[in-house]
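S.K.: fold the stuff below for me.
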Amino acid sequence: PMARGDEEGGPPEVIFRHAGHRGSVQDLQWNPKDPWCMASVSEDASWAQGGGTLQIWRPNDFVYRSDEECIKEVDKLQTDLRGATE
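M.R.: Residues are numbered from 1 along each chain as shown. Okay, here's the model as predicted:
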């Protein structure tokens, strides 16, 4: 069960939330050139007014990068944002 307040953004351990397909997924393929990019197709005929759907998605690269690399990038973004507002 979810704790109070989790229904808004999900529990804190959720890395990302994807709404997904409305029908059953028929195929899923990883991109051979970008291993973190995926495509999935589903049978959403009744929901999509006569056809299936194709979704291409990629999790945030912070999921698989080292903590040090992520912190360095976030620090740089914060510095850039501060400079833009001055």
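S.K.: what ranges does this structure have for its helices?
M.R.: For the chain, applying DSSP state H gives helices covering 6-9, 67-85.
S.K.: okay, buried residues for the longest one please.
M.R.: Just to be clear, that refers to helix 67-85. When burial is assessed from 16 or more other C-beta atoms under 10 Å, helix 67-85 yields no buried residues. In this view, the C-beta of every residue, glycine as well, is placed from N, C-alpha and C.
S.K.: report the mean per-residue pLDDT for it.
M.R.: Helix 67-85 shows a mean pLDDT of 85 in the predicted model.
S.K.: run through the neighbouring helices and strands of it.
M.R.: Applying 3 or more C-beta pairs under 8 Å, 6 or more residues apart in numbering; DSSP states H and E, one finds that helix 67-85 contacts no other helix or strand.
S.K.: quick one on the thing from earlier: looking at the helices of the chain, which is nearest to Asp44?
M.R.: helix 6-9 (24.8 Å; C-beta to C-beta).
S.K.: Cys37 is nearest to which of the helices of the chain?
M.R.: helix 67-85 (19.2 Å).
S.K.: follow-up on the earlier one: got TSV for the helices of the chain, with distance to Ala39 too?
M.R.: Listed next are the helices of the chain as TSV, based on distance: least, C-beta to C-beta, whole Å:
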stretch	distance to Ala39
helix 6-9	26
helix 67-85	26
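S.K.: Asn31: which of those is closest?
M.R.: Between the helices of the chain, helix 67-85 lies closest to Asn31; by C-beta to C-beta that is 21.7 Å.
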